[in-house]
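Student: just to be clear, the model below is a prediction. Sequence and coordinates:
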Amino acid sequence: MSEPRLLEVKNLSIQFPTRKGIVHAVNDVSWSVDQGETLAILGESGSGKSVSASAVMNLIDTPPAVISSGQILFRGRDLLQASVEQRRLVNGKNISMIFQDPLAALNPVYPVGWQIAETMLVHGIAPDTARRRAIDLLGRVGISDPERRAQDYPHQFSGGQRQRIMIASAIALQPDLLIADEPTSALDVTVQAQVLDLMKELQRESGMGMVIITHDLGVVEKVADKVVVMQAGRIVEAGEVAKVLSQPSNPYTQRLLDAVPGRHGFSVNKAAEAGPTPLLEVRNVSKVYFGRLKLFSSAPQPQVRAVDDASFTLSMGETLGIVGESGSGKSTLARMLLGLDVPTAGSIDFDGKDLLKLSAAETFKVRRRMQFVFQDPTASLNPRMTVQQIVSEPWAIHAGVLPKQQWGQRVAELLHKVGLLPEHAERYPHQFSGGQRQRIAIARSLALQPELIVCDEAVSALDVSIQAQIIDLLKELRREMGLSYVFIAHDLALVRDFATSVVVMYQGRIVEQGPTEQVYGNPQHDYTRRLLAASKVHPGALAA
Amino acid sequence: MRSSIHASGTAEMARPAQAAPSAFRDIASSLARDKVALVSAAFLVVVMICVVVGPTLLADQARAMNLMQRNAAPFSLDRPWLYILGADALGRSVLARIIVASQNTMLIAGTAVLTSLVIGGALGLVAGFKGGAIGAILLRLADAIMSFPSLLLAVIVLFVFEPGVANVILVLAISRVPIFLRTVRAEVLELKERLFVTSARAMGASTPRILFRHVAPMVLPTVINLAALEMAFVMLVESGLSFLGIGIQPPEITWGLMVSDGRNYIGSAWWVAFWPGLAIMLVTMSLNLFSNWLRVATDPVERWRLQTSAE
Amino acid sequence: MGNFIYKRSLQSLLSLALLIILVFFLARLTGSPADLYLPLDATEEMRDQFNQRFGFDDPVYVQFGRFVVGLLQFDLGESIQYSKPAVQVVLQAFPTTLMLAAITMPIVIAVAIVTGSLAAFRPGGMFDRIASLISLIGASTPNFWIAIVGVIVFAVWLRVLPTSGTGTPWHWVLPIAVLCLRPTGVLVQVVRSSMITALSSAYVKTARAKGVRSRAIVFVHALRNALLPVITVASDQAAGIVNGAVIVETVFGFPGIGKLMIDSVLLRDFAVIQAAVLVTALAVFIINIVVDITYALVDPRIRHS
């Protein structure tokens, strides 16, 4: 090898000492990237996938962390041997980095134009030039009216725009290498595609190298040339993207691939058989939030239509998927179904009874038949209660369902049903992994033997492989107990794999609904088509 | 299918979910690790012993005038050990007086904080959970009390009523109620939006159940930590009142009163005013350090972080 | 932003009104001034005359009505003790207190921000430990005691500073030092913890990835974000001093508003109490508005809400 690589990480090992002993965050990790090339580092949470990139940027504090061995060669020069000042001069100029959550990653108290210009200022470009170029860059990454918007603050932009601003700041000095840590994970599907397209476009223009750290196979397929797969701090597989994804040699990679919904074709989900009366009937439901009326102002009262005239039905044994991006009103709909919010207009019938006209006592009874699983199992379980207390709380609330002396045994049964062990009953939620916590939440939702479970983004916070396990569990319960689900998600492939019928929401309205195969196979509405196009996980080349 | 669920379930469980250590043992071991907190806790225990047994053992020595020992200087080895910190103008042992005065000083601060904790905490729960007009009125009232020049309120009330122990406690308690009210209210406002509270609501839990089962236990650590800090602050205020001559009146003694007495002799016998002031400072410091530690030790998020950082 | 400040001002005004009502009635609970100002053997006639002169013969609600009417005409009544308008008495004492606050607070804020930021830069480091210990001592020391100790050491033993009075700039050194101590100790801790949070945020990581110098990261990126809680606590402390630094004023013989208020309560000089509370409350009200404007300047999200 005559010409040194653009960036080469060689046998890097980093440890973090913790109270429970030393944690090997990355262990003997090597990867490299060349000019114009894109490397993806793929891994689930806790795999150590961002640690080596943070080490490249000198973002890891030593101490407490210890870099015990390895080299980080940038154009043949070992960054780990360079002084702090030398490394600072590399950052932003030769190598730059963007992060997952652009709202947190941008400083909230400075205008975005200033923040882009700062990259240039710290590397010695004159203030006037920096300011002018910052405006040009804003225009380049697709922010309209850049001259004016440069004065605005991060909170005045949308999520996708913020990530564009981060990118503008990162490419300001035309670096040789751009490292992106989960750059699109916090964004909606359609926006994700646009941001990735922008990054590829900029790469073509400048010929920079890119390292993309992600948990999302879709992102890897879309943008990367090479991929390294990480598990528990080690690289388990590396190679060309096409090759690794079609012929994985490592069982872990295989498992990851298998976990992606639809990888082996979608399962066809048919409702057992529709009962005579629908279990749930939502008619013309709207939810309007009113802003405050201002004193001494003639402006009309501001209002937001979170949900606008939504109607659908759900039969016994059916699974209704509700898909939509953030702000589409799908979670507001879930809150109204669960009686946490009251619709402004419309009616919700459960088993023929209008929920909105029931007395408090009757509502209390209906709650037994309708349970829920929320997105974030960490937040939805009280950290001060044991699993036993959590799972038996429904019986404590609905007195008379189950005599107290049977609670222990029933909790054990429920834990077994969701794939946990009876002895887990005495532990606290924080002693479990994310997937296990969601299993606890599911066990709780089964305690009252409900007929309907509303799942609001129930698996979105989990790693792909865990997602698949939870979906399998939900399917199993559906078969075994004849449950009906309202399954709210933003992941289209997931919904296709699980739901019998689908509702597509966009800006508070239902734009399309029907049986799953029909909506996915032959989308009618323009937005549905866009959504499907953006979230296409498997381009034809790979399906073969 | 069934078996495959279980296989995957256990695979995921391969991560060590360690046995539940009792919360108490957790906290005890955390105290043992933090040397500073340990020392301050030990000091506070010593003070508490003085509070409980001090007056019964040393009441006479604290009151007995001994003209032989008038203005005796500290650290003199040829006097009885009780005079190690010197004696005041009437020949009373400063050490004995400090130990005896600890009871009044701590009792007043402790009772005042406990009273304001109970009242402010309850009002804060209501203001945070109910919100609306009641919440707004409570908050404005708290603001008015807070904007009252603190000593002025004390002076007026203690001027109207007798400046006895009970009234001093009452004044201090009233002036600290707003702190607890605001803190608890802010916590409750945040907690009631938390997902596990929403979950309880969706299950049909009643308001009392949500308040006492889900909200109150989460607020308690914050409140206890605040109480330790407030205890330190109230001690300072109380001693300030005594110093100004509008708090506790002789023959009762508190540390603040002792400093005030000693003030007249600073030229000739500095120790009379110095030691009780030092006692106030050390107790206040210990309470601060102890509450710092308490905050970390009882915060579930913090403990969570420490325990999961290994994953 | 206008909306935010308008709303906050309205709330403060409401609290201010409540406070003044409270003071008016509480003050009258302390007893009749006639008992204090007239000789023990005063005749009924003399008492009536005294009460009539100051309006104490009317029912309390009538007195309150008169007080409110007077307030609207900027007339706060007459001091019994000094036999001149209460406002005059108060405005004579207030500048001393204002001066104390105006010197103390800038020192406190500057020292706290520099010390707290440096301590937060390396939590657990040598500087952090020393700064934390000293700030803790400062926050825990009773100020009347340290005032006395200060007098012993500097005025009695070393004889470099005067014991009390306001004659020369040297007279201000000890009082200011004592006044600074506790607020600085508390504020250093606030700055430190607020800065630690800010320094561990994602935007600081971004700044490091951009190659921004450490000093700029601390003082440009993190500090401005960490300022809000610091402003809140500092304004409470400023309000505390403006409301009367009673102990320092007493120990060092400074004729400030705190001492005046306490003396007026003891002497049942109602008009002066009311005027003093009104003036200080107005000053605190102004501090609060300045603070709200500062919030909005520091954080654009507040400005746009």
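Tutor: Cool, got the structure.
Student: using the three-state scheme, assign A:R384.
Tutor: What DSSP: H, G, I helix; E, B strand; the rest coil gives for A:R384 is coil.
Student: quick one: which helix or strand includes the residue nearest to it when sequence neighbours are not counted?
Tutor: Nearest residue to A:R384 in three dimensions, chain neighbours excluded: B:P217, at 5.0 Å (Cβ to Cβ, 6 or more residues apart in numbering or on different chains). Every residue, glycine included, has its C-beta placed from N, CA and C. Taking DSSP states H and E as the definition, B:P217 sits inside helix B:216-244.
Student: which other helices and strands does the helix or strand just after that helix contact?
Tutor: Downstream of helix B:216-244, the next assigned helix or strand under DSSP H and E is helix B:255-262. Here helix B:255-262 touches helix B:94-130, helix B:216-244, helix B:271-298, helix C:143-150, going by 3 or more Cβ pairs under 8 Å, 6 or more residues apart in numbering or on different chains; DSSP states H and E.
Student: 6 Å instead?
Tutor: Identification of packing neighbours for helix B:255-262 by 3 or more Cβ pairs under 6 Å, 6 or more residues apart in numbering or on different chains; DSSP states H and E yields helix B:216-244, helix B:271-298.
Student: may I see the buried residues of the last one?
Tutor: To tie it back to what came earlier, the one meant is helix B:271-298. By neighbour count with 16 or more other Cβ atoms under 10 Å in any protein chain shown, helix B:271-298 contains the buried residues B:271-295, B:297-298.
Student: likewise stretch C:77-94?
Tutor: So stretch C:77-94, judged by 16+ other Cβ under 10 Å, has buried residues C:77-81, C:85-87, C:89-90, C:93-94.
Student: swap in stretch A:151-159?
Tutor: Going by neighbour count (16+ other Cβ under 10 Å), the buried part of stretch A:151-159 is A:152-154, A:157, A:159.
Student: how about residues contacting that stretch?
Tutor: Residues from elsewhere that reach stretch A:151-159 (Cβ atoms under 6 Å, 6 or more residues apart in numbering or on different chains): A:106, A:108, A:111, A:162, A:187, C:300-301.
Student: which of the residues you listed are buried?
Tutor: Here, 16+ other Cβ under 10 Å leaves A:106, A:108, A:111, A:162, A:187, C:300 buried among the contacts of stretch A:151-159.
Student: for those residues, which one is nearest chain B?
Tutor: Relative to chain B, the closest of the buried ones among the contacts of stretch A:151-159 is A:P108; by Cβ to the nearest Cβ it sits at 19.6 Å.
Student: just to revisit the earlier point, tell me the mean pLDDT for the helix holding B:P217?
Tutor: Mean pLDDT, helix B:216-244: 83.
Student: now it against helix B:271-298, angle please.
Tutor: 170 degrees (axes from the mean of the first three to the mean of the last three Cα atoms, to 10 degrees).
Student: other SSEs contacting helix B:216-244?
Tutor: Partner elements for helix B:216-244 (3+ Cβ pairs under 6 Å, 6+ apart): helix B:94-130, helix B:165-191, helix B:255-262, helix B:271-298.
Student: re the thing from before, ok, the residue nearest to A:R384 - how many residues close by?
Tutor: Residues within reach of B:P217, counting by other Cβ atoms under 10 Å in any protein chain shown, total 14.
Student: now it: how far from chain C?
Tutor: Distance of B:P217 to chain C, given as Cβ to the nearest Cβ, to the nearest Å: 25 Å.
Student: test my guess that that residue contacts A:P383.
Tutor: No: counting by Cβ atoms under 6 Å, B:P217 stays clear of A:P383, with 9.7 Å between them.
Student: related to what we said a few turns ago, so which of the helices and strands packed on helix B:216-244 is the most packed in?
Tutor: helix B:255-262 (a mean of 26; mean count of other Cβ atoms under 10 Å in any protein chain shown).
Student: picking that back up, now the two most distant members of the buried residues of stretch C:77-94.
Tutor: The most widely separated members of the buried residues of stretch C:77-94, counting by Cβ to Cβ, are C:I80 and C:F94 (19.5 Å).
Student: just the strands in the stretch 101-250 of chain A please.
Tutor: For the stretch 101-250 of chain A, applying DSSP state E, counting those that start in this stretch gives strands covering A:177-181, A:209-214, A:226-231, A:234-240.
Student: for A:R140, which of the ones you listed is the nearest?
Tutor: That would be strand A:177-181 among the strands of the stretch 101-250 of chain A, by Cβ to Cβ, at 14.4 Å.
Student: sorry, back to before: so which of the buried ones among the contacts of stretch A:151-159 sit within helices?
Tutor: Among the buried ones among the contacts of stretch A:151-159, the ones falling in helices (DSSP state H) are A:162, C:300.
Student: is chain C contacted by stretch B:274-287?
Tutor: Yes: for stretch B:274-287, a contact with chain C is found by Cβ under 6 Å from any Cβ of the partner chain, at B:277, B:280-281, B:284-285.
Student: could I get the residues you listed as JSON lines with pLDDT?
Tutor: Formatted as JSON lines, these follow (pLDDT from 0 to 100):
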{"residue": "B:G277", "pLDDT": "87"}
{"residue": "B:I280", "pLDDT": "88"}
{"residue": "B:M281", "pLDDT": "89"}
{"residue": "B:T284", "pLDDT": "87"}
{"residue": "B:M285", "pLDDT": "89"}
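Student: can you name the two of those that are farthest apart?
Tutor: B:G277 and B:M285 (12.6 Å).
Student: what bits of the chain have low per-residue confidence?
Tutor: Answering for chain A, as no chain was given. A:1-2, A:19-20, A:263-265, A:267-276, A:291-301, A:536-544 (pLDDT under 70).
Student: think we crossed wires, I meant chain B
Tutor: In chain B, residues with pLDDT under 70: B:1-27, B:62, B:69, B:72, B:77, B:79, B:298-311.
Student: just want the residue of it that's nearest chain C.
Tutor: B:G277 (3.2 Å).
Student: out of everything not next to it in sequence, what's closest to A:G139?
Tutor: Using Cβ to Cβ, 6+ apart, the closest residue to A:G139 is A:P146 (4.2 Å).
Student: report how many residues lie close to C:L98.
Tutor: 16.
Student: which residue sits closest to it, ignoring its sequence neighbours?
Tutor: C:V242 (6.9 Å).
Student: contact partners for that neighbour?
Tutor: C:101, C:280, C:283.
Student: can I have the buried ones of those residues as a ChimeraX selection?
Tutor: Applying 16+ other Cβ under 10 Å to the contacts of C:V242 leaves a buried subset, and the ChimeraX line that selects it is:
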select /C:101,280,283
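Student: and the contacts of C:V242 as JSON lines, adding distance to A:Q192?
Tutor: As requested, the contacts of C:V242 are arranged in JSON lines below (distance: Cβ to Cβ, whole Å):
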{"residue": "C:A101", "distance to A:Q192": "55"}
{"residue": "C:T280", "distance to A:Q192": "58"}
{"residue": "C:A283", "distance to A:Q192": "55"}
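Student: the contacts of C:V242 in helices, which ones?
Tutor: Per DSSP H, the subset of the contacts of C:V242 in helices is C:101, C:280, C:283.
Student: now do the contacts for the last one.
Tutor: Just to be clear, that refers to C:A283. Applying Cβ under 6 Å, 6+ apart, the residues near C:A283 are C:V242.
Student: then the second one?
Tutor: C:T280 makes contacts with C:242-243, as judged by Cβ under 6 Å, 6+ apart.
Student: please report the distance of it from chain A.
Tutor: In terms of Cβ to the nearest Cβ, C:T280 sits 30 Å off from chain A.
Student: swap in the first one?
Tutor: Distance, C:A101 to chain A, by Cβ to the nearest Cβ: 28 Å.
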